[in-house]
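In: compute the structure for the input listed below.
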Amino acid sequence: MKLLETAKQMLRNKLRGKSFLKNVLLLAGGTALAQLIMIAASPIISRLFTPEDMGVLSIYVSILGMIAAFATLRFELAIPIADDDKDAINVLVLSLVSIVLISLVVLLLTITLAEPITNILNAQPLRPFLWLLSVGTVGIGLYSAVLHWAIRKKAYKDITKTKVNQGTAKVTVQIASGFLGFGPIGLILGEILGQAFGVRVLSKPLLKQERDLWKAVDFVSMKSMAYRYKKFPLVSSWSALLNTAGFSLPILLLSSLYGAEVAGSFGFSQRIVSLPLNLVGIAISQVFFSEGATLSKEDPAKLLELTATTARKLFLLGLLVAAILIPFGPWLFAFVFGDAWREAGVYSQVLSIMLVTRFAVSPVSQALSIIEKQGTQFLLDLLRLILILIALFASRMFNLSPVEAIIAYTVSMIVVYTVTYLAIIKALKRKVGDFKIGESGH
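Out: Numbers count the residues shown, from 1 in each chain. Okay, here's the model as predicted:
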């Protein structure tokens, strides 16, 4: 016991004064625990559901991801960087209004156009559940809005708690529905609950300790904030749609070209390969956004240094993961998840190469939002979409196999992440130069 206490004290001493590292470790711990819960459940879930069932889930999640880009019109990104809490609460309400309106539009479209949508995607089993996209929109939108308020308040312990709750809720529902033979609807319901779980915890301060802030909400202030942060809905929302489409379209196109089973194997493989990013990268991204918002105003040079250092360390970590999956991917997937997922292991060999660059760049890409370079982000996301479409449509034109199509997709993504990192560094260097000119002018 004495040795344990000594170790704890040494860790506290090491982290004292290092808020970025301490917050990353806190969030990473919660995210890691949530992911470990899902990892532990994956061998059970993979044996309760078929690759086709997973394909239906992957298609649902892919469509929802693109809708989520518009759920809040990206106003939530302005919550951490608003000048004061009065402005921030008005931006939060703008986000909530957007969520209600967008979810109603989604409900109308999914009810009236369910048949043509599922026919185009070659995913007829999804048709009865397509309307649930509106429910998912509300869940993911609400969580994103209150999450960014928590980021503003640096409430990392609360965020950590929600990550664990989300993972637990998701796997509990999916495993229970799998044993009951619910099929893909069980996977979808688990996904919805997993996304929405945590809204109550993160919104609790707003409803209790900070409830007086709601008195500051009025139409004039909301209109003022909408104009002040107009780049977020006008540029960032479209940029986010393009960014999400870069992840979603491969699954949707693979389903259309090769069927839901291939889409399911690809989606499952992509999820497993992305675990390192989910374990560490998302936590780093959230803390990076919070710390970066401050550094951008006070010392852009430190933001540049933080960006380069973070990306370099994540690149090396990504190499370690790829070194495991490239030689052993098919065997590992068959052994851990069942023989039905051996093909997903083949896909993981290819996708792990892309992981190295994605793992390094994705968390620090928040820098462009922090310094309000939404135009640059939009162009990068457009480039991503164009290259992915070229890769997958070329696969169809030349009648490539699913594995060959995934190789083409991987190459296009490596190009995109390399260009994105170079653009981030260039934009930050320009910000540093402008900051120095501004200081010398005073």
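In: how about the contacts made by the residue nearest to Ala176 when sequence neighbours are not counted?
Out: With Cβ to Cβ, 6 or more residues apart in numbering as the criterion, Ala176 has its nearest non-adjacent residue at 7.5 Å, and that residue is Gly186. C-betas here are computed from N, CA, C, even on glycine. Residues counted as contacts of Gly186 (Cβ atoms under 8 Å, 6 or more residues apart in numbering) are Phe49, Val173, Gln174, Ala176, Ser177, Gly178, Leu180.
In: quick one: secondary structure of the residue nearest to the fifth one when sequence neighbours are not counted?
Out: Nearest-residue entry for Ser177: Gly186, 2.4 Å, with adjacent residues in sequence omitted and distances by Cβ to Cβ, 6+ apart. For Gly186, the secondary-structure state derived from DSSP: H, G, I helix; E, B strand; the rest coil is helix.
In: tell me which other helices or strands the longest helix along the chain touches.
Out: Longest among the helix segments of the chain by residue count, using DSSP state H, is helix 402-441. When contacts are defined as 3 or more Cβ pairs under 8 Å, 6 or more residues apart in numbering; DSSP states H and E, helix 402-441 sits against helix 237-258, helix 260-273, helix 300-337, helix 342-361, helix 367-370, helix 374-397.
In: by contact count, what packs against the last one?
Out: Counting contacts by 3+ Cβ pairs under 8 Å, 6+ apart, helix 374-397 packs against helix 237-258, helix 367-370, helix 402-441.
In: how far does the last one sit from the chain's center?
Out: Going back to what we said before, that points to helix 402-441. 18 Å (Cα atoms, centre = their mean, to the nearest Å).
In: buried residues of that helix, list them for me.
Out: When burial is assessed from 16 or more other Cβ atoms under 10 Å, helix 402-441 yields the following buried residues: 402, 405-410, 412-414, 416-417, 419-421, 423-425, 427-428, 431-432, 435.
In: try stretch 348-361
Out: So, applying 16+ other Cβ under 10 Å, buried residues of stretch 348-361: 348-361.
In: redo the residues you listed as TSV? Include distance to Ser265 and pLDDT.
Out: Conversion of the buried residues of stretch 348-361 to TSV gives the following (distance: Cβ to Cβ, whole Å; pLDDT from 0 to 100):
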residue	distance to Ser265	pLDDT
Ser348	10	91
Gln349	13	91
Val350	12	91
Leu351	11	91
Ser352	15	90
Ile353	18	87
Met354	16	88
Leu355	17	85
Val356	22	87
Thr357	23	91
Arg358	19	89
Phe359	22	86
Ala360	26	89
Val361	26	90
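In: would you list the residues you listed in a markdown table and tack on distance to Lys373?
Out: Below are these laid out as a markdown table (distance: Cβ to Cβ, whole Å):
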| residue | distance to Lys373 |
| --- | --- |
| Ser348 | 34 |
| Gln349 | 35 |
| Val350 | 32 |
| Leu351 | 29 |
| Ser352 | 30 |
| Ile353 | 28 |
| Met354 | 24 |
| Leu355 | 26 |
| Val356 | 25 |
| Thr357 | 20 |
| Arg358 | 20 |
| Phe359 | 22 |
| Ala360 | 19 |
| Val361 | 15 |
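In: between which two of those is the distance greatest?
Out: Pairwise distances across the buried residues of stretch 348-361 (Cβ to Cβ) peak at 21.0 Å, for the pair Gln349 and Val361.
In: show me where the stretch 1-150 of the chain has helices.
Out: Listed in chain order, the helices of the stretch 1-150 of the chain (DSSP state H, counting those that start in this stretch) span 2-15, 19-48, 51-71, 85-112, 114-120, 132-152.
In: so which of those comes closest to Gly267?
Out: It is, among those and with distance given as Cβ to Cβ, helix 51-71, at 3.0 Å.
In: ok now the closest one, how far from the chain's centre?
Out: 13 Å.
In: same check, this time on stretch 361-371
Out: 13 Å.
In: span of stretch 147-161 from start to end?
Out: 12 Å (Cα to Cα, to the nearest Å).
In: for that stretch, what is the average pLDDT?
Out: Average pLDDT, stretch 147-161: 82.
In: figure out which of the helices and strands packed on helix 374-397 is closest to Ala41.
Out: helix 237-258 (21.3 Å).
In: from the contact counts, what lies against the closest one?
Out: Using 3+ Cβ pairs under 8 Å, 6+ apart: helix 237-258 touches helix 51-71, helix 260-273, helix 374-397, helix 402-441.
In: run the last query once more with 6 Å
Out: helix 51-71, helix 260-273, helix 374-397 (3 or more Cβ pairs under 6 Å, 6 or more residues apart in numbering; DSSP states H and E).
In: re the thing from before, quick one, the longest helix of the chain and helix 342-361 angle?
Out: 10 degrees (axes from the mean of the first three to the mean of the last three Cα atoms, to 10 degrees).
In: follow-up on the earlier one: of the helices of the stretch 1-150 of the chain, which approaches Thr310 most closely?
Out: Of all those, helix 19-48 comes closest under Cβ to Cβ, at 9.1 Å.
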